[in-house]
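K.L.:
What shape does this take:
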Amino acid sequence: MSISSVIKSIQDIMRKDAGVDGDAQRLGQMSWLLFLKVFDAQEEELEFELEDYREPIPAKYLWRNWAANKQGITGDELLEFVNDDLFPGLKSLNTPKDINPRGFVVKEAFSDAYNYMKNGTLLRQVINKLNEVDFTDSNDRHLFGDIYEQILRDLQSAGNAGEFYTPRAVTRFIVSRLDPKLGEKIMDPACGTGGFLACSFDHVKENYVVTTDDHKTLQRQIQGVEKKQLPHLLCVTNMMLHGVEVPVQIRHGNTLNTPLANWDSNINVIATNPPFGGTEEDGIEKNFPSDMQTRETADLFLQLIVEVLDKNGRAGVVLPDGTLFGEGVKTKIKKMLTEECNLHTIVRLPNGVFNPYTGIKTNILFFTKGQPTKEVWFYEHPYPEGVKNYSKTKPMKFEEFQQEIDWWGNEADGFASRIETKQAWKVSIEKIIERNFNLDIPNPYQDEVVSHDPEELLASYQQQQQDIKSLRDQLKGILGDALSSTVKGGAQ
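P.N.:
Below is the predicted model of the structure:
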């Protein structure tokens with residue numbers, strides 16, 4: 001049976017349960033079950049490998065001891081165990097991070113988790129379906145990628161509970177250009193389900209890990225923070241299946257809660273797609289400098305990213321068009337960015353990259369901290385031949401970025417090999433300053449493209465209405481004069 005069939009079967013079973021209401025709850029239910037199964041699979045491996053192995057949580061809570069047996073507890077007995085023992089026990093674990101880090105991970109994962117199912121027999125059926133996947137088997141372990149993708153697709157359709165999913169092609173491209181190395185601290189301050197972190201982990205593993213000690217070093221490199229419980233749980237599970245034995249660096253919380261001045265500037269690589277289009281709760285803006293305070297999430301994250309990067313630290317950040325042309329606080333943030341960092345490249349993505357979840361046009365900003373910007377290269381990513389838009393069934397592919405990769409060059413020599421093309425052009429910092437840091441600079445080698453930005457469309461509409469009113473008033477005046485002359489002529 002395929003992974004998608006297993007997931008569909010599990011969801012069909014859950015739909016029969018009176019306690020599970022909607023996709024978001026079904027995903028939450030499946031996620032904590034999946035976490036415990038993956039955690040136990042990893043425990044079995046550690047028990048085999050380590051002579052001084054000690055169980056990080058009470059044995060009765062390990063998957064093998066209450067869920068793995070197909071003929072195990074079911075019905076009311078299963079519900080009683082889950083609701084009255086398993087959940088309270090895991091939420092109240094005494095597991096100091098420095099003494100029992102894996103136990104700490106479990107406690108954090110269950111801090112806001114819930115069992116929604118009310119029918120113990122149906123819960124047993126779900127568990128038995130999940131047991132069809134063996135995460136101690138290397139082949140089945142790779143199938144988690146398929147489960148993960150399926151969960152993400154379902155997560156997106158779960159209404160406002162859905163998370164913003166960065167297409168794998170964009171994630172891979174950003175990580176390939178940042179090229180994180182062994183030993184570098186890699187962070188995603190808004191890590192969601194862990195797409196950027198998993199991709200970064202794989203990149204370092206494939207290119208720089210040789211020894212067992214290298215692998216241990218890699219496990220300590222990854223850092224992430226996620227505000228919402230469900231994506232955090234999925235991220236931790238994702239990290240474990242990628243080989244991170246103790247993903248204590250994946251924190252559950254709001255990165256923006258920490259005052260900017262309290263952060264250590266020691267991160268080498270940041271790859272992220274911070275939330276945009278939303279606003280933070282009252283008071284969060286007080287954690288930032290008074291002249292750059294705002295409640296817009298993307299603007300706050302951009303400030304934080306610049307702050308936490310170490311000297312020569314590099315970042316690849318997905319941001320909306322509004323960041324490029326926005327004024328006010330946005331102007332101040334862009335001024336700070338270009339003064340403290342070398343904003344060397346902006347890749348302008350076409351419409352539809354994030355379809356069907358959002359139509360907002362986006363860009364990838366690549367910058368390195370420590371030297372001011374002298375010029376910014378723009379690369380306008382075109383649609384592939386024969387493609388007019390992306391969709392859920394026909395998403396962007398990583399191979400499309402080969403043109404940018406071939407053009408990219410080397411930052412060490414100032415990207416000396418780059419040349420201007422129909423897709424690529426550069427703009428001096430002097431020109432950007434003249435534009436009051438408006439980075440929404442059109443491609444000089446292509447005909448003007450109709451903008452679909454809501455603010456620009458609204459401004460254009462309002463101008464058209466004013467023009468129409470002006471023409472109408474002029475016409476009334478002309479007709480009034482003509483009518484007046486006619487009346488006067490008739491009177492004569």
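K.L.:
Tell me how far the residue lying closest to residue 118 once chain neighbours are set aside lies from residue 28.
P.N.:
With sequence-adjacent residues excluded and distances taken as Cβ to Cβ, 6 or more residues apart in numbering, residue 118 is closest to residue 19, at 3.6 Å. Every C-beta, even on glycine, is put in place using the N, C-alpha and C of the backbone. Noted for residue 19: a distance of 12 Å to residue 28, by Cβ to Cβ, to the nearest Å.
K.L.:
Give me the common contacts of those two.
P.N.:
residue 116 (Cβ atoms under 8 Å, 6 or more residues apart in numbering).
K.L.:
Those two: who's more crowded?
P.N.:
More crowded of residue 19 and residue 28, by other Cβ atoms under 10 Å: residue 28, with 24 against 16.
K.L.:
mind listing what the more buried one touches?
P.N.:
113, 114, 116, 229, 230.
K.L.:
do residue 25 as well
P.N.:
residue 116.
K.L.:
Which helix or strand contains it?
P.N.:
helix 22-49 (DSSP states H and E).
K.L.:
buried set for that helix?
P.N.:
For helix 22-49, a neighbour-count test (16 or more other Cβ atoms under 10 Å) marks 23-43 as buried.
K.L.:
still on that earlier bit, I'd say the residue nearest to residue 118 and residue 120 touch.
P.N.:
No: here residue 19 does not reach residue 120: they are 10.9 Å apart, not a contact under Cβ atoms under 8 Å.
K.L.:
on that earlier part again, buried ones only from the contacts of residue 28, please, as a PyMOL command.
P.N.:
Listed next is the PyMOL selection for buried residues among the contacts of residue 28, using 16+ other Cβ under 10 Å:
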select buried, resi 113+116+229+230
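K.L.:
Max pairwise distance over the contacts of residue 28: which two?
P.N.:
116 and 229 (13.1 Å; Cβ to Cβ).
K.L.:
Now tabulate the contacts of residue 28 in a markdown table and tack on pLDDT.
P.N.:
Putting the contacts of residue 28 into a markdown table (pLDDT from 0 to 100) gives the following:
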| residue | pLDDT |
| --- | --- |
| 113 | 89 |
| 114 | 91 |
| 116 | 94 |
| 229 | 84 |
| 230 | 83 |
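K.L.:
Which of the contacts of residue 28 fall within helices?
P.N.:
Using DSSP state H, 229, 230 are the members of the contacts of residue 28 that sit in helices.
K.L.:
Helix or strand next in line after the helix holding residue 25, which one?
P.N.:
Helix 22-49 is succeeded, C-terminally, by helix 63-66 (DSSP H and E).
K.L.:
if we can go back for a sec, for the residue nearest to residue 118, which three-state class applies?
P.N.:
Assigned with DSSP: H, G, I helix; E, B strand; the rest coil, residue 19 falls in the coil class.
K.L.:
quick one: low-confidence parts of this structure?
P.N.:
Scanning the chain for pLDDT under 70 picks out 1-4, 135-164, 356-358, 447-492.
K.L.:
quick revisit: nearest to residue 322 among the contacts of residue 28?
P.N.:
residue 230 (27.2 Å).
K.L.:
Report the separation between the closest residue to that closest one other than its chain neighbours and residue 254.
P.N.:
Take residue 230 and drop its neighbours on the chain: the residue closest to it by Cβ to Cβ, 6+ apart is residue 28, 5.3 Å away. Residue 28 sits 19 Å away from residue 254, going by Cβ to Cβ.
K.L.:
Ok, residue 431 next?
P.N.:
Residue 431 is 37 Å from residue 254, by Cβ to Cβ.
K.L.:
What of residue 425?
P.N.:
Distance, residue 425 to residue 254, by Cβ to Cβ: 38 Å.
K.L.:
With residue 313 instead?
P.N.:
Here residue 313 is placed at a distance of 22 Å from residue 254 (Cβ to Cβ).
K.L.:
count of residues packed around residue 438?
P.N.:
Residue 438 has 15 nearby residues by other Cβ under 10 Å.
K.L.:
So what's the residue count around the residue nearest to it when sequence neighbours are not counted?
P.N.:
Closest residue in space to residue 438, ignoring its immediate chain neighbours: residue 325 at 5.3 Å, by Cβ to Cβ, 6+ apart. By other Cβ under 10 Å, 18 other residues sit near residue 325.
K.L.:
Verify the contact between residue 325 and residue 436 for me.
P.N.:
No: Residue 325 lies out of contact with residue 436 (Cβ under 8 Å); the separation is 10.1 Å.
K.L.:
Would you state the helices of the stretch 101-250 of the chain in chain order?
P.N.:
101-109, 120-130, 138-142, 144-156, 168-178, 195-208, 212-221, 229-241 (DSSP state H, counting those that start in this stretch).
K.L.:
Pipe the ones you listed into CSV and attach distance to residue 417 per row.
P.N.:
Formatted as CSV, the helices of the stretch 101-250 of the chain follow (distance: least, Cβ to Cβ, whole Å):
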stretch, distance to residue 417
helix 101-109, 45
helix 120-130, 51
helix 138-142, 37
helix 144-156, 35
helix 168-178, 15
helix 195-208, 22
helix 212-221, 30
helix 229-241, 36
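K.L.:
can you list the domains in this protein?
P.N.:
1-162, 164-452, 454-486 (automatic domain parsing).
K.L.:
Name the nearest of the contacts of residue 28 relative to residue 200.
P.N.:
residue 230 (21.8 Å).
K.L.:
Quick check: that closest one vs residue 211, distance?
P.N.:
Distance from residue 230 to residue 211, by Cβ to Cβ: 36 Å.
K.L.:
coming back round to it: what about residue 313 and residue 254, which has more around it?
P.N.:
Applying other Cβ under 10 Å to residue 313 and residue 254 shows that residue 313 carries more neighbours, namely 24 against 16.
K.L.:
What is the subsequent helix or strand relative to the host helix or strand of the more buried one?
P.N.:
According to DSSP H and E, residue 313 maps onto strand 309-320. Counting by DSSP H and E, the next helix or strand C-terminal to strand 309-320 is helix 321-325.
K.L.:
Residues in contact with that following helix: which ones?
P.N.:
Applying Cβ under 8 Å, 6+ apart, the set of residues contacting helix 321-325 is 276, 298-299, 302, 330, 334, 346, 360-363, 438-440, 453, 455.
K.L.:
Cross these against helices and list the overlap.
P.N.:
Per DSSP H, these map to helices at 298, 299, 302, 330, 334, 455.
K.L.:
Buried only: go through those for me.
P.N.:
Buried members of the ones in helices among the contacts of helix 321-325, scored by 16+ other Cβ under 10 Å, are 298, 299, 302, 330, 334.
K.L.:
Touching, the third one and residue 337? I think so.
P.N.:
Yes: with the criterion set as Cβ under 8 Å, residue 302 and residue 337 qualify as a contacting pair; they are 6.9 Å apart.
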